[in-house]
Every structure is written in C-alpha cells, then in structure tokens.
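> here's a sequence, model it:
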Amino acid sequence: MQGVLHQLPLLCGLTDSQREAVIAAGHERTVAKGETVFFAGEAADAMDGVLEGRVRLAMSSSRGGEPPLYLVQAGVSAPEAAFFGP
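Have a look, this model is predicted:
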C-alpha cells in the first residue's frame, strides 16, 4: 500500500520526509460496497485516498436517484469531496 500512497498526486510534490510524515499521520479504513463514507454538507476532517478498488461519489437528486458524479480509482486522492462540503 505504501507504493500507492507515494503516488497520490497531492503527495507527489512533497519531500520524502514530508510524505512519510503525512502517511504516518493517516489511518487505513476498509469500507463495504455501498457503504456511505460521508454525506453532503458534512465538514471534511480528513483527506481520503483510494488504495484498492474504487469509490463512487454521488449525490441524491430531486428525482430520487443517486447519479454518479465522479468515480475515484485506486491510487487517486479524493479532493473532489470538498465540493460536497458546506
């Protein structure tokens, strides 16, 4: 997993020691398919990155569906989540 973390675009501009400090401060979380990671309007308290699999960013529509807005693949950070914030 360390290799995937080192390749995250937001970490690429850091020195090795800075990148290691950011990685050491983080934690890994496994989520099940269909599990909600965060809701629109919640204040962001972390930066999410996808290590394996993919995450679908979606928002409920007025028509009742949840059309995907973005698909985050493994090895990509998800700063797009900020668009869901207040």
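> what about the residue lying farthest from the centre of the chain, distance to residue 71?
The outermost residue of the chain relative to its centre, with distances by CA atoms, centre = their mean, is residue 63 at 26.3 Å. Using CB to CB, to the nearest Å, we find residue 63 at a distance of 21 Å from residue 71. For glycine as for every other residue, the C-beta is placed from the backbone atoms N, C-alpha and C.
> do residue 48 as well
Using CB to CB, residue 48 is found at 14 Å from residue 71.
> what about those two, which has more around it?
Neighbours were counted for residue 48 and for residue 71 using other CB atoms under 10 Å; residue 48 has more, 18 against 12.
> picking that back up, now do the shared contacts for residue 48 and residue 71.
Counting by CB atoms under 8 Å, 6 or more residues apart in numbering, the residues touching both residue 48 and residue 71 are residue 55.
> so residue 61 sits against residue 40, correct?
No. The criterion here is CB atoms under 8 Å, and residue 61 misses it with residue 40 at 11.6 Å.
> which of those two has more neighbours?
residue 40 (13 against 9).
> check contacts around residue 55.
31, 37, 48, 71-72, 78.
> next step: the residues you listed restricted to strands.
71-72 (DSSP state E).
> which one of the contacts of residue 55 is nearest to residue 13?
The closest of the contacts of residue 55 to residue 13 turns out to be residue 78 (CB to CB; 17.5 Å).
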